[in-house]
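1. Curious how this folds, go ahead:
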Amino acid sequence: GALLWSASNAPEVLRASAVVDLLPSGEPFYSRAYGDIYDAMLACLVKSEETGHTPVEHDPVAVASHAALAGKGRDSTGIDALLKLQAAASTVSDLQARAYAQSIRSAWAKRSAIRDLRLVISDALSPTVNDEQIFERAQKASLDIMERASTRSTTVSFRQSAEQLFIALSAPGGMASSTGLRDIDTLLNGGLRAPETSIVAARTSVGKSTLSAGIAEYMVASDPLAGAVYVSLEMPHTSFTMKLLASRTPTLTVAAMRRKALNKNQWSDLAQSVKDIRDLELHFTVAQSQTLASVYAAAMDRQRVLKRAGKHLALVVIDHIGLVKPSQELLKRATRQQQVAETSRGLRWIASELGCHVMALAQISRDDERQTGESKMPKLHHLRESGDLEQDADSILIAHRPRDPASGVFVQGKPTVLVLAKSRMDETGVVLLDFQRGRYCDWNDPTRTFETEYKGES
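-> Next up, the predicted model:
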């Protein structure tokens, strides 16, 4: 009512546009009728912005018209009802209006939290609901509560922002964690940062898992206080351990370990490799079927153990994002794109909650392979299943190894190209990587560049 009243009293001071950041829709209103009126005000505002006309979001006639177009009942949103509401209202300042809007939003957040948490309690009391489903419901309720409670009402001046930046730059620690690969670190201006998220994408068998596992191993090996959790959804954890040990043992190959054809010297070398890295804080999840809730639970549990030892969780790797099971609720009613979008959104939440970097691996669509041939380089828009991956991630790295068009076998001797296809803070670019003994290494041949090796493929 106060907003309507301002149309005649203070048209340039108090408008719906002054509180739209706090109330982006009429949903938070306890009375549905008031929510309908507010939605009609916003419709007036949008129409005014589209046409360039003077805003009329406080004109009862215009508001009633937009409410009628939305199919709302005349008893609560008709011109007579609005005029009565306007007559009964008193003028408030823009500061008071924002305080009232915040109160409305806060009350809505509390009502919604009560409803959602009651559902969690109901699930917990049900004998047909398992503990994993309860955790999923609780996690979703927690995310929703955070979103409803957060607003854009708090502002910070440039001076305050600059002061905070200088404090952060001057404080010890907080630097990026090196990936162990020189050119990738240069591309990312130091390496991986927390709390940010990254996507490593490639076609099947290019080496996403090898690259990410190598990065995780280096991060914990170079910093004795850092820990990493590798969520392996494609292979059992023993397969990753086999790969890591083979890459560290010159006399061993994965093939020899798979055949169990090791001589006495190889057994001795293998034992030494295990001794060298057995105390690293690199941990694998046990179950190959994981939900986002169980991934968070595993990472949170590991973080708790690390903190007790005076260490911190630096990295969580999810291999790969397409195999993360959606929540039971989305599994029943959502499309595959919506399910992946939920997971993508959850990555940022995990990174923020745990204060670590979250890296997720993603597949490149097979449709791209059929359309362009296996020798052509994938692009950002070829990420499979959801555009939300592209939108949510802080950085996206796309790996490519060329195959022989006839046989489909990887071309030997060719470097792997890694493209930083998206970054919020860094310039995009391209680096070359060498693949030796089951791990990625820096490319050290200055005469062979991206232009000489991949001319015509990009």
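
2. show me where this structure has strands.
-> 197-202, 226-232, 282-284, 312-319, 357-363, 395-400, 416-423, 429-436, 439-442 (DSSP state E).

3. ok, residues contacting the fifth one?
-> Which is strand 357-363. By C-beta atoms under 8 Å, 6 or more residues apart in numbering, the residues outside strand 357-363 that reach it are 177, 192-204, 208-209, 212, 215, 314-322, 347-348, 350-351, 383-384, 389, 393. For the C-beta atoms, the positions are set from N, CA and C on the backbone; glycine is no exception.

4. just the fourth one next, same as before
-> In this structure, residues lying in contact with strand 312-319 by C-beta under 8 Å, 6+ apart are 177, 192, 194, 208-209, 212-213, 215-216, 219-220, 223, 225-234, 295, 299, 302-303, 306, 324, 347, 350-351, 354-361.

5. just the helices in the stretch 251-400 of the chain please.
-> 254-259, 264-277, 292-308, 328-333, 336-354, 366-372, 388-392 (DSSP state H, counting those that start in this stretch).

6. To residue 163, which of these lies closest?
-> Each of the helices of the stretch 251-400 of the chain has some distance to residue 163 by C-beta to C-beta; the shortest is helix 336-354, at 22.5 Å.

7. count of residues packed around residue 98?
-> Residue 98: 19 surrounding residues under other C-beta atoms under 10 Å.

8. Spell out for me the ChimeraX command that would select the buried members of the contacts of strand 312-319.
-> Those of the contacts of strand 312-319 that count as buried under 16 or more other C-beta atoms under 10 Å are selected in ChimeraX with:
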select :177,192,194,208,209,212,213,215,216,219,220,226,227,228,229,230,231,232,233,295,299,302,303,306,324,347,350,351,354,356,357,358,359,360,361
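
9. I'd like the strands of the chain as TSV, with distance to residue 161 and mean pLDDT appended.
-> Shown next, in TSV, are the strands of the chain (distance: least, C-beta to C-beta, whole Å; pLDDT from 0 to 100):
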stretch	distance to residue 161	mean pLDDT
strand 197-202	23	87
strand 226-232	29	89
strand 282-284	37	86
strand 312-319	26	90
strand 357-363	23	88
strand 395-400	23	87
strand 416-423	21	85
strand 429-436	28	85
strand 439-442	37	85
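
10. Which pLDDT value goes with residue 2?
-> Residue 2 carries a pLDDT value of 66.

11. Sorry, wrong one. I was asking about residue 379.
-> Listed pLDDT for residue 379 reads 74.

12. Run through the residues that contact residue 175.
-> Per C-beta under 8 Å, 6+ apart, neighbours of residue 175: residue 190.

13. where does it sit relative to residue 438, distance-wise?
-> Here residue 175 is placed at a distance of 29 Å from residue 438 (C-beta to C-beta, to the nearest Å).

14. cool, residue 72 as well?
-> Separation of residue 72 from residue 438 (C-beta to C-beta): 65 Å.

15. returning to what we had before: please produce a ChimeraX select command covering the buried subset of the contacts of strand 357-363.
-> In ChimeraX syntax, the buried subset of those is picked out as below (16+ other C-beta under 10 Å):
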select :177,192,193,194,195,196,197,198,199,200,201,202,203,208,209,212,215,314,315,316,317,318,319,320,321,322,347,348,350,351,383,384,389,393
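
16. Give the rounded mean pLDDT of stretch 95-109.
-> Per-residue scores along stretch 95-109 average to 86.

17. Check stretch 68-82 too.
-> Within the predicted structure, the mean pLDDT of stretch 68-82 is 80.

18. and that stretch, which residues are buried?
-> By 16+ other C-beta under 10 Å, the buried positions in stretch 68-82 come out as 72, 76-77, 81-82.

19. Residue 217: what's it in contact with?
-> 180, 244, 277, 280, 282.
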